[in-house]
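J.: Sequence first, predicted coordinates after that:
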Amino acid sequence: MQRPLLGGAVGVVILLGFLTWQQARIYRDAETLYTDTLLRNPASWMAENNLGAVWLGQGKLPQAQDRFEAALRLNPDYAEADNNLGLTLVRMGRLPEAMDRYRAALRLEPGFYAAENNLGAALARAGRLAEAVPHFERALVLAPDYPEARSNLDRALKLSSGGGLK
C-alpha cells in the first residue's frame, strides 16, 4: 500500500510543479501579465491603463494611446488614465489635446498633484509660462516634496524673469 501512495504523491507534486511553471510564465514581465489579464478580462480598465503605461515607457506611443483610451471607455472617471493619455499626447507633440486630458484628470481628482505638474509642464512647453507657474505651485502645495514640480517651477520662474537656463 505504501508504493501506490508514494507514486500518487509524486504524481501530485509533478502536476503541481507543472501548473506552477505554466502560471509563472504569465508573470515573466509586466507586458505579458497585463496582456494575459486582458485576454481573460477584457473589461479590466486597470489592466488597459497599466499596459498603456508599459508601452509608453517603451516608446510605443500609438499603442499606449489606444490602451489609455480603452481604459477611459471602460471607466470614464479614471483620472490616472487621463493623466497617462496626456503624457502620451505630449510625447506625440499634441500639446492642446494633452492639456485637455490633464484638465479632465484634475476635474475628476482635484488633488492629483502629478496632473497639476504635467499640465504646468505642457503649458510651459507651449510657451505659456505665466499660466504654468500656478500649476507647479499647486502641485507643490499638494505634494511639498515633489522634486519634479520644484524643478519645473524654478525653471519656469527663471525663464519668465529672463534668466534663461544655465
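T.: Structure received.
J.: For the rest of this, base every contact and every neighbour count on C-alpha atoms.
T.: Noted.
J.: ok, which stretches of this protein are helices?
T.: All helices of the chain, identified by DSSP state H, fall at 2-24, 30-40, 45-57, 61-74, 79-91, 95-108, 113-125, 129-142, 147-160.
J.: So for the shortest one, what gets flagged as buried?
T.: Within helix 30-40, the residues that qualify as buried by neighbour count (16 or more other C-alpha atoms under 10 Å) are 31, 33-35, 37-38.
J.: The spatially most central residue of the chain - nearest residue in space that isn't next to it in sequence?
T.: Residue closest to the mean C-alpha point of the chain, counted by C-alpha atoms, centre = their mean, is Ala53 at 4.3 Å. Closest residue in space to Ala53, ignoring its immediate chain neighbours: Ala64 at 6.7 Å, by C-alpha to C-alpha, 6 or more residues apart in numbering.
J.: just checking, Ala115 touches Met99?
T.: No - under the criterion of C-alpha atoms under 8 Å, Ala115 makes no contact with Met99, lying 9.5 Å away.
J.: Residue ranges in this protein under the pLDDT threshold?
T.: 1-28, 163-166 (pLDDT under 70).
J.: Spell out which residues make up each domain of this protein.
T.: Domain assignment for the chain by automatic domain parsing gives 21-102, 111-166.
J.: ok, the spatially closest residue to Asp66 that is not a sequence neighbour - how many residues close by?
T.: Counting by C-alpha to C-alpha, 6+ apart, Asp66 lies nearest to Gly52, which is 7.6 Å off, once chain neighbours are set aside. When neighbours are counted by other C-alpha atoms under 10 Å, Gly52 registers 30.
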